[in-house]
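Student: after the sequence you'll find the predicted model.
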Amino acid sequence: MLEIILIVFLVNNLDKGLKAKGYVKTGMYKALFITAWFTGEILGGVLGYVSAGSFERGPITIGLLIGAAVGGFIGYTIVSSAPVVE
C-alpha cells in the first residue's frame, strides 16, 4: 500500500515538473515512470529468486524492493531530464 502511495506522489511531482517545462500531455511520461518502476520490481524479484535458488521470502522480498527502487530511480531520472518545450 505504501508503494502505491509513493508512486502516486512521485507521478504527481513529475506531472508538475513537466507542466512547468511546457508539456501539455504528460501521460506517456507518467506511463514510462510507472513501467520502469514495475519492470525493476519484477526483475528484482526474479534475481532474488535466482540468487536464493528457491522460493524463500527474504531474498525475493529484498530483490523486489531493490529492483523497485532502481527502476523508480531510472524512470524518475529519465522523465525529469526531459527537455524544455519552447
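Tutor: Nice, I can see it. Residues are numbered from 1 along each chain as shown.
Student: just the pLDDT for Arg57.
Tutor: Per-residue confidence (pLDDT) for Arg57: 87.
Student: what's the burial count for it?
Tutor: If you count neighbours by other C-beta atoms under 10 Å, Arg57 ends up with 9. Every C-beta, even on glycine, is put in place using the N, C-alpha and C of the backbone.
Student: how much space between it and Gly48?
Tutor: According to C-beta to C-beta, to the nearest Å, Arg57 and Gly48 sit 9 Å apart.
Student: ok, longest helix in the protein?
Tutor: Ranked by residue count and defined by DSSP state H, the top helix of the chain is helix 27-52.
Student: in that one, what's buried?
Tutor: 29-30, 32-34, 36-41, 43-45, 47-49 (16 or more other C-beta atoms under 10 Å).
Student: centre of the chain versus it, how much separation?
Tutor: Taking C-alpha atoms, centre = their mean, to the nearest Å, one finds helix 27-52 lying 7 Å from the centre of the chain it belongs to.
Student: what does stretch 1-10 give?
Tutor: Distance, centroid of stretch 1-10 to centroid of chain: 10 Å (C-alpha atoms, centre = their mean).
Student: re the thing from before, list the helices and strands the longest helix of the chain packs on?
Tutor: helix 2-20, helix 57-80 (3 or more C-beta pairs under 8 Å, 6 or more residues apart in numbering; DSSP states H and E).
Student: who touches the longest one?
Tutor: Read it as helix 57-80. The contact list for helix 57-80 (C-beta atoms under 8 Å, 6 or more residues apart in numbering) reads 3, 7, 10, 14, 17-18, 29-30, 32-49, 51-52.
Student: same check on the first one?
Tutor: By C-beta under 8 Å, 6+ apart, the surrounding residues in contact with helix 2-20 are 26, 29-30, 33-34, 37, 68, 72, 76, 79-80, 82.
Student: what do you get if the cut-off is 7 Å, keeping everything else the same?
Tutor: 26, 29-30, 33-34, 37, 68, 76, 79-80, 82 (C-beta atoms under 7 Å, 6 or more residues apart in numbering).
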